[in-house]
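Visitor: what's the 3D shape of this:
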Amino acid sequence: MDQLTLLFALLLGSVVMVPVAERLRLPPPVLMTVLGGLLALLPLVPEVRLPPEFILPLILPPVLYTAVQRTSWRQFAANVRPILLLAVALVFVTTAAVAVVAQAVVPGMPLAPAIALGALVAPPDPVAATAVAGRLGLPRRMVSILEGEGLFNDVTAITLYHVAIAAAVTGSFSAWHAGGELVLSAVVAVLVGLVLGWLTARLLALLGDATLRTGLTLLAPFAAYALAEELRGSGVLAVLVAALFLAERASDPDDVAGRLTGQSFWGVLDLLVTGVAFGLIGLELNVVFSAAAGRWGELLPAAGLVLVAVVLVRLLWLLPAAWLAQRLHRGGDLDEDIPHSWRETVIMWWSGMRGVASIALALAVPLTVDGGGAFPERDALVFIAFVVVLGTLLIQGLTLPWLAGRLGVRGDSRAEEALEHELAVRAARAAKARLREITAERELPEEVSEALLRRAYDIGLRISPRLAEEDRREQATQRAERARDLLLLHAELLSAARHAVLAARAEPGVDPEVVDRVLHELDRRSLPHG
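Guide: Numbers count the residues shown, from 1 in each chain. Next up is the predicted model:
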């Protein structure tokens with residue numbers, strides 16, 4: 001088996017493991033990791049050889065871009081305090097704690113590699129956490145926090161990682177220089193993200209074909225990452241800024257084909273890239289454990305202590321942070337997502353699984369330093385990182401469903417249904433208002449007017465069947481034959497409904513994922529025979 005055949009095997013596993021995971025009630029990332037580990041044991045499977053400098057640019061941009069599509073700038077702005085506490089402050093605290101432990105338990109571990117180890121195991125993986133949380137039906141506010149934390153903790157951790165790696169490679173470190181690099185990296189990344197986001201939005205407006213627009217959105221995150229890194233900025237932050245910009249500025253309510261095509265394409269790409277990334281974690285186990293041969297007695301206990309430190313630091317940070325957030329939340333009218341009880345805080349803690357970013361950073365550690373010498377304790381660093389990722393994925397990932405069930409933490413489906421119903425009413429009202437404008441502009445036959453009125457009502461009914469209980473007279477209205485003119489006018493009603501629903505995405509307190517679900521239903525209704 002060659003490298004290309006192995007890649008196809010992982011791609012196939014990424015697809016097949018989804019229904020298997022649903023049947024076994026297990027997270028797909030965990031199963032893909034196990035699959036990769038099993039493949040690594042087969043003698044015909046070759047050793048994976050990925051150049052370290054290619055790992056981050058190939059894996060992170062599409063994963064991050066897809067994750068951003070599930071949120072919005074309004075949601076980020078509302079949750080800026082929890083995100084800063086989890087994605088910035090907690091990453092710094094975890095990095096420091098892991099560095100201290102690593103230096104204490106691994107003899108000869110220099111400070112810079114220890115900090116790099118802390119930075120790469122500090123960020124919980126948004127893909128693994130939300131894959132588990134989404135299947136458990138946890139409250140949307142908890143999933144939103146996990147997604148926001150997962151997106152922005154990568155920015156903090158990867159920036160710290162690069163500073164530590166540079167110090168280890170060059171053999172020199174200056175706090176002032178490192179601080180300046182952090183600020184410069186953030187400024188450059190924001191500028192690159194905004195410029196590329198603006199340029200992409202302009203090009204999207206010029207491209208008429210949905211396939212071309214989707215292809216452009218594929219190039220955008222890679223371009224943002226590569227350009228920012230070339231200019232000494234944070235590639236991850238540039239991708240986030242560009243993706244947020246496009247999510248807010250490039251949404252055309254009437255771009256039905258583009259939206260459906262883009263959602264389908266990015267859903268498939270996210271599935272495949274994530275599956276391959278977690279499969280690579282399992283495949284690399286054989287190489288990593290072989291590199292640590294002869295040091296198991298030293299490295300395995302060290303990795304266990306680092307794993308304990310990572311898990312405990314998150315708990316010790318979350319308990320007071322959640323208490324403080326609840327106190328501040330009660331003290332003012334704040335539109336932010338926070339855990340509402342100690343049970344939800346415990347679930348937040350246990351959801352802190354490490355994954356793709358940690359492994360990508362570990363594998364991206366340079367092999368040598370300036371002068372040609374080997375990177376100090378690289379094998380130990382990579383081994384510990386893999387143990388931490390495997391430990392959190394297998395232990396926390398497999399037990400999180402049981403823990404959530406024991407604590408009784410479940411999603412508030414009534415709140416989502418209420419928002420969905422409200423959006424359905426808004427969509428139906430917008431369609432009816434547009435129909436009144438049309439009838440005022442032109443004289444329509446009575447049967448056409450009645451049929452359009454029924455269709456306007458049907459727009460909301462398809463989204464929320466509860467509307468039928470509120471208006472039985474319209475529910476009983478008979479459908480007329482579909483004529484060409486009727487279809488054209490129906491398209492105008494759907495356009496009005498889409499505009500109304502999409503406008504709600506920028507309003508405070510509106511869950512963008514529910515809006516997207518409602519918008520998808522409207523888009524589906526716009527297709528032939530929808």
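
Visitor: worst-scoring helix or strand of this protein, pLDDT-wise?
Guide: helix 472-475 (a mean of 45; mean pLDDT, DSSP states H and E).

Visitor: Next SSE downstream of that one?
Guide: helix 484-503 (DSSP states H and E).

Visitor: Counting by contacts, list what that next one packs against.
Guide: helix 413-441, helix 446-463, helix 512-526 (3 or more C-beta pairs under 8 Å, 6 or more residues apart in numbering; DSSP states H and E). Every C-beta, even on glycine, is put in place using the N, C-alpha and C of the backbone.

Visitor: you'd agree Val387 is up against Val308?
Guide: No - Val387 is beyond contact range of Val308, at 11.2 Å (criterion: C-beta atoms under 8 Å).

Visitor: Have a look at these two and say which one is more surrounded.
Guide: Val387 (22 against 13; other C-beta atoms under 10 Å).

Visitor: Not counting residues beside it along the chain, what's closest to the more buried one?
Guide: Ala303 (3.6 Å; C-beta to C-beta, 6 or more residues apart in numbering).

Visitor: can you tell me which residues contact that neighbour?
Guide: Residues in contact with Ala303 (C-beta atoms under 8 Å, 6 or more residues apart in numbering) are 383-384, 387-388.

Visitor: Centre of the chain to whichever strand or helix holds it, how far?
Guide: Using DSSP H and E, Ala303 sits in helix 296-331. From the chain centre to the centre of helix 296-331 is a distance of 22 Å (C-alpha atoms, centre = their mean, to the nearest Å).

Visitor: how far away is Ala292 from Ala122?
Guide: For Ala292, the distance to Ala122 equals 22 Å [C-beta to C-beta, to the nearest Å].

Visitor: So if I had to pick from these two, which one is more boxed in?
Guide: Ala122 (31 against 20).

Visitor: Quick check, Lys30 in contact with Ile395.
Guide: Check again: residue 30 is Val, not Lys. No - assessed by C-beta under 8 Å, Val30 is found out of contact with Ile395, at 10.2 Å.

Visitor: So which of these two has more stuff around it?
Guide: The residue with more neighbours, out of Val30 and Ile395, is Val30; 24 against 14, by other C-beta under 10 Å.

Visitor: Which residue is the nearest non-sequential neighbour of the more buried one?
Guide: Nearest to Val30 is Gly397, by C-beta to C-beta, 6+ apart, at 4.6 Å.

Visitor: Run a quick neighbour tally on the one you found.
Guide: 24.

Visitor: So which elements touch the helix or strand hosting it?
Guide: Taking DSSP H and E as the criterion, Gly397 maps to helix 397-407. The helices and strands touching helix 397-407, judged by 3+ C-beta pairs under 8 Å, 6+ apart, are helix 28-41, helix 126-136, helix 342-350.

Visitor: hey, least reliable of those by pLDDT?
Guide: Lowest mean pLDDT of the helices and strands packed on helix 397-407: helix 126-136, a mean of 62.

Visitor: residues contacting the residue lying closest to Met32 once chain neighbours are set aside?
Guide: Sequence neighbours aside, Phe278 is the residue nearest to Met32 in space, at 3.9 Å (criterion: C-beta to C-beta, 6+ apart). By C-beta under 8 Å, 6+ apart, the residues touching Phe278 are 28-30, 32-33, 36, 128, 355-356.

Visitor: Distance to Trp176 added to those, as JSON lines?
Guide: Below are the contacts of Phe278 laid out as JSON lines (distance: C-beta to C-beta, whole Å):
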{"residue": "Pro28", "distance to Trp176": "45"}
{"residue": "Pro29", "distance to Trp176": "40"}
{"residue": "Val30", "distance to Trp176": "43"}
{"residue": "Met32", "distance to Trp176": "43"}
{"residue": "Thr33", "distance to Trp176": "41"}
{"residue": "Gly36", "distance to Trp176": "43"}
{"residue": "Ala128", "distance to Trp176": "36"}
{"residue": "Gly355", "distance to Trp176": "34"}
{"residue": "Val356", "distance to Trp176": "33"}
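
Visitor: Residues contacting the helix or strand hosting Val100, please?
Guide: Secondary-structure element containing Val100, defined by DSSP H and E: helix 90-105. If you take C-beta under 8 Å, 6+ apart as the criterion, helix 90-105 is touched by 109, 111, 114-115, 117-119, 121-123, 153, 156-157, 160, 301-302, 305-306, 309-310, 313-314, 317, 321, 384.

Visitor: Report the central residue of the protein.
Guide: Ala67 (2.6 Å; C-alpha atoms, centre = their mean).

Visitor: you'd agree that one is up against Glu149?
Guide: No - using C-beta under 8 Å as the test, Ala67 is too far from Glu149 to be in contact (11.1 Å).

Visitor: For Val106, which residues are in contact?
Guide: Counting by C-beta under 8 Å, 6+ apart, the residues that Val106 touches are 114, 298-299, 302, 377, 380, 384.

Visitor: before we move on, what about Val515?
Guide: Counting by C-beta under 8 Å, 6+ apart, the residues that Val515 touches are 423, 501-502, 504-505.

Visitor: separation between it and Arg426?
Guide: Val515 is 11 Å from Arg426, by C-beta to C-beta.

Visitor: Tell me where the model's unsure across the stretch 251-400 of the chain.
Guide: For the stretch 251-400 of the chain, the stretches with pLDDT under 70 are 251-252, 256, 291, 325-340.

Visitor: let's see it at 90
Guide: For the stretch 251-400 of the chain, the stretches flagged by pLDDT under 90 are 251-300, 317-380, 382-383, 386-387, 389-400.

Visitor: hang on, the earlier thing: wait, which of the contacts of Phe278 is closest to His490?
Guide: For these, the residue nearest His490 by C-beta to C-beta is Pro28; the value is 39.2 Å.

Visitor: Kindly tell me how buried the closest residue in space to the closest one that isn't next to it in sequence is, as a neighbour count.
Guide: Among residues not flanking Pro28 along the chain, Ala21 sits closest, at 4.3 Å (C-beta to C-beta, 6+ apart). For Ala21, the neighbour count with other C-beta under 10 Å is 18.
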